[in-house]
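**Q** predicted model and sequence below, questions to follow.
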Amino acid sequence: MRALAGALALLAGVSLVAGALMEGNAPGQWAFAALGLLTPFLGWLITLRRPDVKYGWLLLATAVCLGLGALGVGLSLRTDAGAAARILSSLFMAYYALQWVFLPMLFPDGRLPSRRWRPVAWIAGVTGVVYTASAVVMPLDLSAAPNPLALSGPSGLAALIANALAQLIMLILTVVALVGLVVRARRADPAERRAYLWIIGGSAVGLGGFVLVLVSLSGGSWGFAALAILAALGSLPAAIGVALVRYQLLDIRLGIRGSRLSLVFDMRPTVSELLSDLSPALQDAEPGEQLAGLARAVREGLDVRWAEVSLKGGGNFLAGAKDGAASVREGVAGGLGELTVGPKNQGRFSAEDRRLLHAFAVPVGLAIRSAALATRLVNAQEAERRRLERNLHDGVQQQLVALIAGLELARASGDAEMLPPLREQARQTLDDLRELATGIHPSVLTQGGLVEAVESRGARLPVPTTVLADPGLRAHRFPDEVEGALYFTVSEALANALKHAAAAKILVRLSRAGGRLQAEVADDGRGFDPPPGALGALADRLSALGGGLKVTSTIGEGTTVSAWVPAHE
């Protein structure tokens with residue numbers, strides 16, 4: 001898109017200069033070319049950094065019509081291009097429609113002020129087409145050369161009448177667009193109002209210059225006409241440039257940079273550019289560091305004094321000094337957090353600023369969800385650690401203490417009959433240790449894989465449990481974290497079916513399809529109404545691997561737990 005914008009600006013500029021020089025080498029032609037270059041330069045400047053803004057493309061379209069129109073007039077004077085020169089020179093009419101109606105009406109972002117302006121836009125578009133098409137065939141010279149495409153007789157007269165009416169309608173629409181600017185200026189805030197005043201002044205001067213051109217061509221001096229042409233040509237583009245740069249309506253800034261104090265045009269970076277610059281630093285950063293980096297990006301991107309990302313459960317990440325009241329707040333991540341910004345360094349918040357803030361809310365929300373997921377995983381790990389600690393303390397540790405005491409008593413008394421019970425107690429303690437180890441990572445999962453581990457787990461249950469696996473899945477191994485996540489999900493679902501469902505039978509399905517490794521545990525128990533976040537710790541574990549978990553249940557018909565994780569070749 002930027003390359004296309006550059007090509008259009010180059011086409012407009014080269015055509016304009018070439019056409020102006022073909023008409024003559026007088027100072028007036030150089031002034032015409034210099035003022036005409038303002039429009040393609042502004043269009044290129046905007047589209048260079050903001051190709052999504054329609055106003056830049058509108059300026060480029062206006063510049064192309066101006067440049068090709070001037071080239072057509074030059075060719076008609078210097079060559080025998082004939083029809084081609086006439087068609088090109090007729091593009092001046094399209095230039096007038098764009099310059100006097102669409103540029104003021106669509107200022108500053110290329111969008112209509114409201115839906116009520118749609119009829120005006122349609123009328124202006126149709127009138128511009130008629131204005132341009134009639135100029136191609138009307139029997140009236142646009143330059144010193146005759147028109148080879150001119151119609152004669154009634155058809156030629158109709159073309160002249162259509163062109164005159166289109167010109168009159170275009171002047172009326174120009175006044176309508178100018179009045180619309182005045183109304184919008186009265187409703188705007190002070191900074192935007194001053195920008196609109198520049199456009200109003202530029203449009204008024206340009207319209208006056210165009211009227212003076214028509215008067216001069218009908219009997220005035222060519223010197224006066226030349227001044228009127230320059231005023232009509234350069235007043236509105238100059239006003240647009242001043243309004244955009246001075247009041248930063250599209251984030252264009254004029255500054256002094258470098259030791260040579262050279263003037264440069266700069267623009268506020270877009271959301272995508274800021275995130276592209278940040279992505280290397282955010283890629284391997286912790287969630288908290290990501291949120292802090294995003295807060296800095298929001299502050300820089302919106303040019304505000306400070307920006308803050310706050311989490312619902314606590315935790316704030318502030319960029320800048322919080323020395324002013326909050327100007328705008330944006331809820332993110334479904335209410336898990338909030339993005340707040342302070343006052344702007346210059347001016348007030350515009351519709352464009354709010355659009356950028358809404359765009360920033362997307363990556364901020366993703367980072368907040370990532371932080372929340374990491375917190376839940378840490379909490380789940382801590383809960384699991386405490387469970388193991390409690391089981392070791394209350395179970396195995398007490399059994400070992402009792403076993404040692406029994407051994408000491410047997411040794412002191414020399415009673416051999418005490419040894420068989422102590423041996424049975426030692427075996428029970430060993431079984432308990434193995435059961436605890438199963439909750440960490442069973443050896444059968446490490447050695448035999450997911451299918452064998454699930455079958456081993458189901459074989460020890462007091463309820464008939466059937467395990468079905470896709471052919472070939474038994475011999476295939478997956479990463480430890482993938483197999484572990486699905487195994488513990490299946491184990492938890494089986495335990496819940498035994499404890500709460502009063503199931504008579506359980507069916508476990510293991511399958512692989514569409515790049516996913518899937519496990520499903522279905523029972524015929526009493527069923528229940530699954531609360532939000534059921535099996536939350538397991539769901540977080542699967543989500544961290546890019547997978548998911550779903551619990552479906554109907555009272556009286558049983559429960560099904562479905563889990564999956566990515567598993568590509």
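**A** Structure's in. What do you need? Residues are numbered from 1 along each chain as shown.
**Q** okay, residue 568: pLDDT?
**A** With respect to pLDDT, residue 568 scores 63.
**Q** check which helix or strand residue 63 maps to.
**A** Using DSSP states H and E, residue 63 maps to helix 54-78.
**Q** counting by contacts, list what that helix packs against.
**A** With contacts defined as 3 or more C-beta pairs under 8 Å, 6 or more residues apart in numbering; DSSP states H and E, the packing partners of helix 54-78 are helix 2-23, helix 27-36, helix 38-49, helix 83-89, helix 91-97, helix 103-105, helix 222-247. Using the backbone N, CA and C atoms, a C-beta is placed for each residue, glycine as well.
**Q** against residue 330, how distant is the most centrally placed residue in the chain?
**A** Nearest to the geometric centre of the chain sits residue 359, at 5.3 Å (C-alpha atoms, centre = their mean). When distance is defined by C-beta to C-beta, to the nearest Å, residue 359 is 10 Å away from residue 330.
**Q** now do residue 492
**A** 38 Å.
**Q** also residue 36?
**A** The value you get for residue 36 to residue 330, if C-beta to C-beta is used, is 43 Å.
**Q** and these two? Which one has more around it.
**A** Neighbours per residue, other C-beta atoms under 10 Å: of residue 36 and residue 330, the larger number sits with residue 36, 26 against 17.
**Q** residues near the closest residue to the more buried one other than its chain neighbours, how many?
**A** Distances taken as C-beta to C-beta, 6 or more residues apart in numbering put residue 16 closest to residue 36, at 4.7 Å, once the chain neighbours are dropped. Counted with other C-beta under 10 Å, the neighbours of residue 16 add up to 27.
**Q** isn't residue 16 up against residue 71?
**A** Yes: with the criterion set as C-beta atoms under 8 Å, residue 16 and residue 71 qualify as a contacting pair; they are 7.4 Å apart.
**Q** for residue 12, give its distance to residue 84.
**A** When distances are taken as C-beta to C-beta, residue 12 and residue 84 turn out to be 18 Å apart.
**Q** look at these two and report which has more neighbours.
**A** residue 12 (29 against 13).
**Q** residues touching the more buried one, list them.
**A** When contacts are counted by C-beta atoms under 8 Å, 6 or more residues apart in numbering, residue 12 is found next to 39, 40, 60, 63, 64, 66, 67, 68.
**Q** most surrounded residue in those residues?
**A** Most neighbours among the contacts of residue 12, by other C-beta under 10 Å: residue 39, with 33 neighbours.
**Q** setting aside sequence neighbours, what's the nearest residue to that one?
**A** Counting by C-beta to C-beta, 6+ apart, residue 63 is the residue found nearest to residue 39 once chain neighbours are left out, at 4.1 Å.
**Q** tell me which of the contacts of residue 12 is nearest to residue 526?
**A** residue 60 (69.8 Å; C-beta to C-beta).
**Q** quick check, that closest one in contact with residue 51.
**A** No: under the criterion of C-beta under 8 Å, residue 60 makes no contact with residue 51, lying 10.8 Å away.
**Q** any idea how far residue 81 lies from residue 148?
**A** Between residue 81 and residue 148 the distance, using C-beta to C-beta, works out to 10 Å.
**Q** ok, those two, which is more surrounded?
**A** Legend: neighbour count by other C-beta under 10 Å for residue 81 and residue 148, higher for residue 81 (19 against 13).
**Q** pull the number of nearby residues for the nearest residue to the more buried one once chain neighbours are set aside.
**A** In space, residue 81 comes closest to residue 75 once its chain neighbours are excluded; the distance is 4.3 Å by C-beta to C-beta, 6+ apart. For residue 75, the number of neighbouring residues by other C-beta under 10 Å comes to 22.
**Q** now residue 316
**A** By other C-beta under 10 Å, the residues close to residue 316 number 15.
**Q** all helices for the stretch 451-569 of the chain, in order.
**A** When assigned using DSSP state H, counting those that start in this stretch, the helices of the stretch 451-569 of the chain occupy the ranges 480-496, 536-544.
**Q** next, the angle helix 480-496 makes with the shortest one.
**A** Here helix 536-544 runs at 150 degrees with respect to helix 480-496, directions being taken by axes from the mean of the first three to the mean of the last three C-alpha atoms, to 10 degrees.
**Q** beta partners of residue 520?
**A** Beta-bridge partners recorded for residue 520 (DSSP bridges): residue 509, residue 562.
**Q** contacting residues for it?
**A** For residue 520, the contacting residues are 508, 509, 511, 560, 561, 562, 563, taking C-beta under 8 Å, 6+ apart as the criterion.
**Q** write the ChimeraX selection for whichever of the residues you listed are buried.
**A** Written as a ChimeraX command, the selection of buried residues from these, which uses 16 or more other C-beta atoms under 10 Å, is:
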select :508,509,560,561,562,563
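**Q** can I get the contacts of residue 520 in JSON lines with pLDDT and distance to residue 366?
**A** Supplementary listing: these in JSON lines, determined by pLDDT from 0 to 100; distance: C-beta to C-beta, whole Å:
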{"residue": "508", "pLDDT": "94", "distance to residue 366": "34"}
{"residue": "509", "pLDDT": "95", "distance to residue 366": "33"}
{"residue": "511", "pLDDT": "93", "distance to residue 366": "30"}
{"residue": "560", "pLDDT": "93", "distance to residue 366": "30"}
{"residue": "561", "pLDDT": "93", "distance to residue 366": "27"}
{"residue": "562", "pLDDT": "93", "distance to residue 366": "25"}
{"residue": "563", "pLDDT": "93", "distance to residue 366": "23"}
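**Q** distance of residue 525 relative to residue 504?
**A** Look at residue 525 and residue 504: by C-beta to C-beta, they are 8 Å apart.
**Q** can you pick out the residue with more neighbours from those two?
**A** Neighbours around residue 525 and residue 504, counted as other C-beta under 10 Å, are more numerous at residue 525. The numbers are 22 against 11.
**Q** wait, the more buried one sits on residue 497?
**A** Yes: shown here, residue 525 and residue 497 form a contact pair, counting by C-beta under 8 Å, at 6.1 Å.
**Q** mutual contacts of those two, please.
**A** When contacts are counted by C-beta under 8 Å, 6+ apart, residue 525 and residue 497 are jointly contacted by 503, 559.
**Q** so who does residue 295 touch?
**A** For residue 295, the residues meeting the contact criterion (C-beta under 8 Å, 6+ apart) are 307, 308, 309, 317, 318, 319.
**Q** distance-wise, check it relative to residue 522.
**A** For residue 295, the distance to residue 522 equals 46 Å [C-beta to C-beta].
**Q** how about residue 498?
**A** Between residue 498 and residue 522 the distance is 14 Å, computed by C-beta to C-beta.
**Q** repeat for residue 93
**A** Spatial separation of residue 93 from residue 522 under the definition C-beta to C-beta is 74 Å.
**Q** ok, those two, which is more surrounded?
**A** With other C-beta under 10 Å as the criterion, residue 93 and residue 522 differ in neighbour count, and residue 93 comes out ahead with 26 against 20.
**Q** OK, contacts around the more buried one?
**A** In this structure, residue 93 makes contact with 128, 131, 132, 135, 163, 166, judged by C-beta under 8 Å, 6+ apart.
**Q** coming back round to it: just the buried members of the contacts of residue 295?
**A** Burial of the contacts of residue 295 was assessed by neighbour count (16+ other C-beta under 10 Å); the buried members are 307, 308, 309, 317, 318, 319.
**Q** mind giving me the packing neighbours of the helix or strand containing the third one?
**A** Using DSSP H and E, the secondary-structure element containing residue 309 is strand 307-311. Taking 3+ C-beta pairs under 8 Å, 6+ apart as contact, the helices and strands that strand 307-311 lies on are helix 287-302, strand 316-319, strand 337-341, helix 351-391.
**Q** can you give me how far stretch 499-511 is from the chain middle?
**A** Relative to the mean C-alpha coordinate of its chain, stretch 499-511 is positioned 44 Å out (C-alpha atoms, centre = their mean, to the nearest Å).
**Q** mind listing residues that contact it?
**A** The list of residues contacting stretch 499-511 from outside it, by C-beta under 8 Å, 6+ apart, reads 450-451, 454, 458, 461, 463-470, 473, 486, 490, 494, 497, 517-528, 558-559.
**Q** could you find the closest non-adjacent residue to residue 32?
**A** Setting aside the residues directly before and after it, residue 32 is nearest to residue 20 in space (C-beta to C-beta, 6+ apart), at 5.1 Å.
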